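1. Everything below, folded, please.
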Amino acid sequence: MTNGTAHFRSGIVVLAGRPNVGKSSLVNRLIAYKASIVSDKPQTTRNVIRCVYNGDGFQIVFTDTPGIHLPKHALGRTIVDAAVDSMNDANLVCYVVESGDRSIGPEDEEILACLEKAETPILLVVNKCDSQKDKDLPDRVAALYGTRISPAGAVAVSAKTGRGIPELVSVIVKHLPEGPPFYDEDIFVDRPEKFIASEIIREKVLRLTHEEVPHSAAVEIEEYKSPDEYPEREVLFIRATIHVEREGQKRIIIGDKGTRLREIGRLARLEIQALTGHRVYLDLWVKIRSDWRRSESDLRKLGIKERSP
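-> Numbering: from 1, shown residues only. Have a look, this model is predicted:
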């Protein structure tokens, strides 16, 4: 990448949409790096994560936002506020919807109300176009949402197969202003390894639990000692706590004789090792933090809600 030319383009692109339309899968596909965890559970993404795509003469900073939904508690309000605030400083909003959409639901109504007020250009991204059998499908979906907003264009993509990704990037670049890159070439995500490790652990909790338990779990890294910072160490040491709200949830995560907690730890350890290139010792605990989702102070302590300057 050449960043010294006069015509270099760079900008911030927000991926917005309701929960589970595939925003995180899409950004992971775009940057070819697992920056955001994914699951089939709603509100998997809780923090705004910025991911960097470097191309020939351009840099796109994708902002993966939490799914905008109707909040029920302080955690939900924090998630939605973070997603909405991220649109204000963007050069382009990619409004991600699904190829199977036939009507506009209440969560999309919330998003459209925000987009109608925004001055930022909007690109409609129709995700989950995994098959090319119905080539008119993206146009029909675009027409549905076009009754409420006037997008600068519409692109059909599949985060699963990679279909339409080059076309999406090409369209986005046309909306970027000229300017220097925001990040160095070797930066893929603006979050530290410690944050990514905590999210990987939470992803395994999401995968191995059901009903209310996944939504009630938060992961806090209490100790993170890497050989990169401590050359005398040969193993990356992580002490992490999974916080839940009820005793019953704690028992579920631990499992019979600790079997589920060990499996969460095993899967997380393998993925963190692949990410960091270090052998990992993961010391995993489960503790009760009653009603943490309703507590502003707990949300700040757990790093979900940004502290006020």
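
2. can we go C-alpha only for contacts and neighbour counts from here?
-> Fine.

3. Got phi/psi on Glu167?
-> In terms of degrees, to the nearest 10, the main-chain angles of Glu167 are phi -70, psi -40.

4. where exactly do the strands run in the stretch 201-309 of the chain?
-> 218-225, 235-244, 279-288 (DSSP state E, counting those that start in this stretch).

5. right, and those - which one's nearest Arg300?
-> strand 218-225 (11.5 Å; CA to CA).

6. Name every strand pairing with that closest one and say which way it goes.
-> strand 235-244 (antiparallel) (DSSP bridges).

7. buried ones in the strand it pairs with?
-> Residues 235-238, 240-244 are the ones in strand 235-244 that count as buried (16 or more other CA atoms under 10 Å).

8. So for that strand, mean pLDDT?
-> Regarding strand 235-244, the rounded mean pLDDT is 96.

9. How about stretch 248-259?
-> Averaged across stretch 248-259, pLDDT comes to 96.

10. From start to finish, how long is it in a straight line?
-> The first and last residues of stretch 248-259 sit 16 Å apart, counting by CA to CA, to the nearest Å.

11. Can you give me the domain boundaries for this protein?
-> 9-174, 193-301 (automatic domain parsing).

12. Pull up the distance across the shortest one, start to finish.
-> Yep, that's domain 193-301 we're talking about. 18 Å.

13. ok, back up a step: go through the buried residues of strand 235-244 and name the one nearest Ile31.
-> Leu236 (25.6 Å).

14. closest to Arg163 out of the strands of the stretch 201-309 of the chain?
-> With CA to CA, the closest approach to Arg163 among the strands of the stretch 201-309 of the chain belongs to strand 218-225: 33.8 Å.

15. before we move on, back to that, so can I have CSV of the domains of the chain showing distance to Tyr183?
-> Below are the domains of the chain laid out as CSV (distance: least, CA to CA, whole Å):
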stretch, distance to Tyr183
domain 9-174, 8
domain 193-301, 17
